[in-house]
Structures are given as C-alpha cells and as structure tokens.
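> I'll drop the sequence and a predicted model, then ask my questions.
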Amino acid sequence: MSSAIQVIPIEWYLLLSTVLFTIGVLGVLFRRNAIIIFMSIELMLNAVNLLLVAFSSFLSDSKGQVFVFFIMAVAAAEVAVGLAILMMVYRNTKSSDINVLNKLKW
Amino acid sequence: MVVFSKNPVHSVLYLVLTFFIIAAHYVLLNAQFLAAVHVIVYAGAIMVLFLFVIMLLNLNKETEPHKSIWLKASAAVASGLLLVVLVGSIKGAATVQSVNAFNPNIGLIENLGKTLFKDFLLPFEVSSVLLLAAMVGAVMLGKKSIK
C-alpha cells in the first residue's frame, strides 16, 4: 500500500498548512464576532495537526499521530469551556462582539 | 470563506467542509484512525457545538459586528506579511530526507495504541483529567447563577 507522502513532497504539505494557519490568523485579526474567532483558532490547530500527521507519515513514526490525538483532546476541552464563557458573555451583554470586553485591556 | 462569510452559519458550514478535506488528507497520508477520529470529533462534535451556540444566540447577518476599514486593511496586511515570512523561511530551509524506511502501517490502531500506552501513558492520563476539568468548568459557567 503506497501513501501520498511518497508521491507528494513534504514541502507542499508545509505550504498547505502554512496557508491554513495564516487564514486562521487572518480570521482572528479580521473579525469581531467571538464565535468566528473561535473557529479561526480551530483552523490554526488543524493546520498544525495536518503538518504533524504529514511529518509523522514522512518519518514513519507514530509519535506524531499520538501528539495529534492529544491536540484534539485539548481542542475539544478548549471549545467546550470557550463556548460556555461566550454564553455567559452573551447572557450578560446581549452581544457576541468582542469589543464589549474592552475592560480586559489595560 | 470561513473568515469572509457574513453569516456565521455559512462560516460553520465552510469550516466543516475544510475539516472533511483535512480528513481526506489524513487518509491520503495513511493515518486512517486519525481520519476517523477527526471526522467524529471535529465535524461531529465541535461543529455541532458551534452551530448549537450560534442558533441559541440567534446570530445572523443583522447582528454581525463590524470593524472599521482601517482595522480590516491592517489585519489583511499583517497576515499577508506573516504568510510571506513563513513561506520564505520554509523556502530557505534545507530539504530533508526521511531517515526511516517507509512503513505504511503506522497509522493503524494497533501501532498507535502501542505507542500511546507505552510511551505516552502519563500524558494520556493527564489529558483525561483535563477533559474532566473542562467538563466541570463548562457546566459551572453554563449555570444560571453560581451560588
């Protein structure tokens, strides 16, 4: 059984996950809706996951894939807590705009 | 498209599409188990959570907050520069050759389980504690009033 990593050079996966990561950064900077910002963070985590899997397949080492597994667990926990915080913010301010939290700035 | 859709629901659906494409990449990279877990956890659980919250908060185009054009332009410029820097550093890096012989079976559950429970047993247990803490925290935050 062959794999894509034998056909596609690792540099293309590096480029793909760089572009995905940058789109995530753009989303965090571009939007003010807190939910979209959460989704952009998920996108960045997935870019890193994709690169970890690509290198794990490239080096034939399963440790990278185990690491991706842990990142998924952490992302699930982060999303659960983050959305709960978002619900609290919305309940108190009736808005999902992150600028209502500007008292967190110094 | 995740970033630029005005409607948050469309944004979520584009993100689901992106996750399925990433899962297809995992299959291509011989990580079948991770592809299955990715579809179940991300497309199944996390995205449903997002959609649930969006529909619960009743967000749509009208309630969408807007940034000023200058902030948007500076965000685009900053992330474009980040892309240029990252791509430049990747292009400048030396190409590597794989040191190990290619083994197509590392993505299967058997090998992953052996690695997970042999080399990564402590992080595995710690992540279970983390998930428990996240669950308790989410429930506490979601309660109407904390006594």
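Thanks, I have it.
> Just give me the neighbour total for the closest residue to A:Gln65 other than its chain neighbours.
Nearest residue to A:Gln65 in three dimensions, chain neighbours excluded: A:Ser56, at 4.9 Å (C-beta to C-beta, 6 or more residues apart in numbering or on different chains). Bear in mind the C-beta positions are built from the backbone N, C-alpha and C, glycine included. By the criterion of other C-beta atoms under 10 Å in any protein chain shown, A:Ser56 has 24 neighbours.
> packing partners for the strand or helix carrying A:Ser56?
Assigning secondary structure by DSSP states H and E places A:Ser56 in helix A:34-59. Helices and strands touching helix A:34-59, by 3 or more C-beta pairs under 8 Å, 6 or more residues apart in numbering or on different chains; DSSP states H and E, are helix A:4-7, helix A:10-30, helix A:63-93, helix B:8-28, helix B:47-57.
> right, and these - which one's nearest B:Gly92?
In terms of C-beta to C-beta, the element of these nearest to B:Gly92 is helix A:10-30, at 11.8 Å.
> give me the low-pLDDT residue ranges for chain A?
A:1-7, A:95-96, A:98, A:105-106 (pLDDT under 70).
> thinking again about what came up before, tell me which of the helices and strands packed on helix A:34-59 sits nearest to A:Ile41.
Nearest of the helices and strands packed on helix A:34-59 (C-beta to C-beta): helix A:10-30, 6.8 Å.
> Once you drop chain neighbours, what's closest to residue 45?
All of this is about chain A. Counting by C-beta to C-beta, 6+ apart, A:Ala75 is the residue found nearest to A:Leu45 once chain neighbours are left out, at 5.1 Å.
> look at chain B instead
Ranked by C-beta to C-beta, 6+ apart and with sequence neighbours excluded, the top spatial neighbour of B:Ala45 is A:Ala76, at 6.7 Å.
> and if you look at A:Arg31?
Closest residue in space to A:Arg31, ignoring its immediate chain neighbours: A:Ile37 at 6.1 Å, by C-beta to C-beta, 6+ apart.
> Assess the claim that that neighbour and A:Val28 are in contact.
Yes. Look at A:Ile37 against A:Val28 with C-beta atoms under 8 Å: they come within range, at 5.3 Å.
> domains for chain B, by residue range?
Residue ranges for the domains of chain B, per automatic domain parsing: B:1-64, B:103-147.
> B:Leu17 and B:Ala31: what is the separation?
From B:Leu17 across to B:Ala31, the span is 20 Å (C-beta to C-beta, to the nearest Å).
> Between those two, which has more neighbouring residues?
For B:Leu17 versus B:Ala31, neighbours defined as other C-beta under 10 Å are more numerous around B:Ala31 (28 against 13).
> Just the pLDDT at the more buried one, thanks.
For B:Ala31, the model assigns a pLDDT of 78.
> Could you find the closest non-adjacent residue to A:Val28?
A:Val28 sits nearest to A:Ser40 (C-beta to C-beta, 6+ apart), 4.8 Å away.
> Tell me how many other residues crowd the one you found.
23.
> ditto for B:Val77
Neighbour count of B:Val77, defined by other C-beta under 10 Å: 11.
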